[in-house]
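Peer 1: Got a sequence here, can you build the structure:
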Amino acid sequence: MQNFYLYENKEIANLNLKVISKNNNYLIAKDLFFNKYLLKTKENLNLYQGFQVSGVLEKIESNYSQYYLSENVKFQILNLKINEWKSYDLRYFFFNYLSQKHVYKNYVIPIIFGYSAEDKNDLFKNLNDIGVIHLVVISGFHFSLIYLSIAKITKKIDNSKIIAFSLIFIYFLFVKKSPSVYRSILMIFFGFVFEKFQKFKKWNNNYLKIYLAFLFVILINKYYVLKLGFWFSFVVVIFIYLINDFLKSFILSDIWKKVITFFLIWIISQILIIIFNKNNSLLSMLSLIIMAPVIEVLIISSLILMPFKFLLNYLYLGFEEIVNLISKVSVLVKIEFIYQSEILWTLLLFLIFIFGKKVKYC
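Peer 2: You can find the predicted model right below:
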């Protein structure tokens with residue numbers, strides 16, 4: 001990977017970039033060496049569109065530097081001049097077509113593929129207020145749901161797991177990348193390899209898979225630890241495994257085990273949400289119980305109904321009405337944590353200790 005620190009505050013000319021994220025005020029693009037750049041522009045460029053840019057390279061120094069650091073974006077290009085050039089990335093043509101329709105641009109692309117909605121939309125604010133925004137942010141929830149659905153549909157077909165993994169990998173190529181996305185696809189990949197090849201079957205253990213996924217995600221970007229999605233993706237999944245192992249020693253029905261697991265995971269999730277988000281809903285558990293199955297249906301239905309715009313309009317209209325109704329009765333409270341970093345690092349050390357013992361005996 002190229003290191004551009006030596007070129008800070010230097011002019012660059014005709015640098016070939018590709019858009020990987022955008023909103024109304026700026027876009028993030030990467031070059032052939034996977035260096036990422038912030039470009040503050042209102043140019044009408046679409047996702048995965050290729051272009052050439054000239055300007056002045058400058059290291060990012062602002063109140064938002066932590067966010068950009070977590071995205072591994074260390075430089076911005078000022079005084080920029082953009083020249084469009086042809087893009088042969090299939091994702092560009094896909095998103096370029098979808099972005100021409102309101103329901104795709106403001107609902108399908110953000111919820112199913114994880115990219116920011118371009119127009120002002122109260123839906124995501126309301127989802128955040130009722131405490132379920134993490135269910136619609138592209139994550140392991142999406143990947144697990146879609147992968148298991150594909151696996152069930154194709155289970156009677158030869159090489160069904162190869163088909164399921166191939167399709168979920170194609171989906172991975174189209175979504176916005178994040179810690180939870182990388183964690184999900186890596187765990188699915190390791191599970192596929194460990195199960196497919198006989199000599200690896202003894203390693204087919206949840207703790208080992210998430211441990212390997214953790215190492216790879218940190219290698220991809222060590223600053224992901226600054227993102228809430230990182231903590232949700234790993235901490236919550238690890239606790240699910242720990243709780244399930246703990247409950248095995250009790251004689252309980254499957255329903256009670258699911259209820260207890262759901263309640264404990266809700267508590268852990270709320271602790272993380274409170275640490276990162278000052279405003280929190282007192283009815284978040286009730287919202288979660290109601291919205292989890294609704295969002296499951298929404299995700300699968302969106303993929304099935306993707307070619308039918310008029311059906312998607314009704315689907316998202318109904319979804320927005322449900323969210324608006326819950327948000328009207330939601331009560332927000334403000335909680336501030338002074339020692340946010342200390343709490344997070346203590347939690348991480350605890351998990352490393354417990355998790356290390358589990359992996360040791362895999």
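
Peer 1: Check the offset of stretch 250-257 from the chain's centre.
Peer 2: 31 Å (CA atoms, centre = their mean, to the nearest Å).

Peer 1: Sorry, wrong one. I was asking about stretch 260-269.
Peer 2: Taking the mean of its C-alpha atoms, stretch 260-269 sits 20 Å from the chain's own mean (CA atoms, centre = their mean).

Peer 1: ditto for stretch 135-148
Peer 2: Relative to its chain's centre, stretch 135-148 lies at 9 Å (CA atoms, centre = their mean).

Peer 1: Using CSV, write out the CA atom coordinates for it.
Peer 2: Only the C-alpha atoms of stretch 135-148 are listed here, as CSV (Å, rounded to 0.1, in the frame of the first residue of the first chain):
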residue,chain,number,x,y,z
LEU,A,135,-30.9,-4.2,13.4
VAL,A,136,-31.1,-2.2,10.1
VAL,A,137,-27.4,-1.2,10.0
ILE,A,138,-25.8,-3.7,7.6
SER,A,139,-24.4,-6.4,10.0
GLY,A,140,-24.1,-10.0,10.9
PHE,A,141,-27.9,-10.0,11.4
HIS,A,142,-28.3,-9.4,7.6
PHE,A,143,-25.7,-12.0,6.7
SER,A,144,-26.9,-14.7,9.0
LEU,A,145,-30.5,-14.3,8.0
ILE,A,146,-29.7,-14.2,4.2
TYR,A,147,-27.2,-17.1,4.4
LEU,A,148,-29.5,-19.3,6.4
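
Peer 1: average pLDDT across it?
Peer 2: Taken as a whole, stretch 135-148 has a mean pLDDT of 81.

Peer 1: May I see the buried residues of it?
Peer 2: For stretch 135-148, burial by neighbour count (16 or more other CB atoms under 10 Å) applies to 135-143, 146-147. C-beta coordinates here come from the backbone N, C-alpha and C atoms, glycine included.

Peer 1: Please list the members of the residues you listed that lie in helices.
Peer 2: Residues of the buried residues of stretch 135-148 located in helices (DSSP state H): 135-136, 140-143, 146-147.

Peer 1: and of the residues you listed, the nearest to Lys176?
Peer 2: His142 (11.1 Å; CB to CB).
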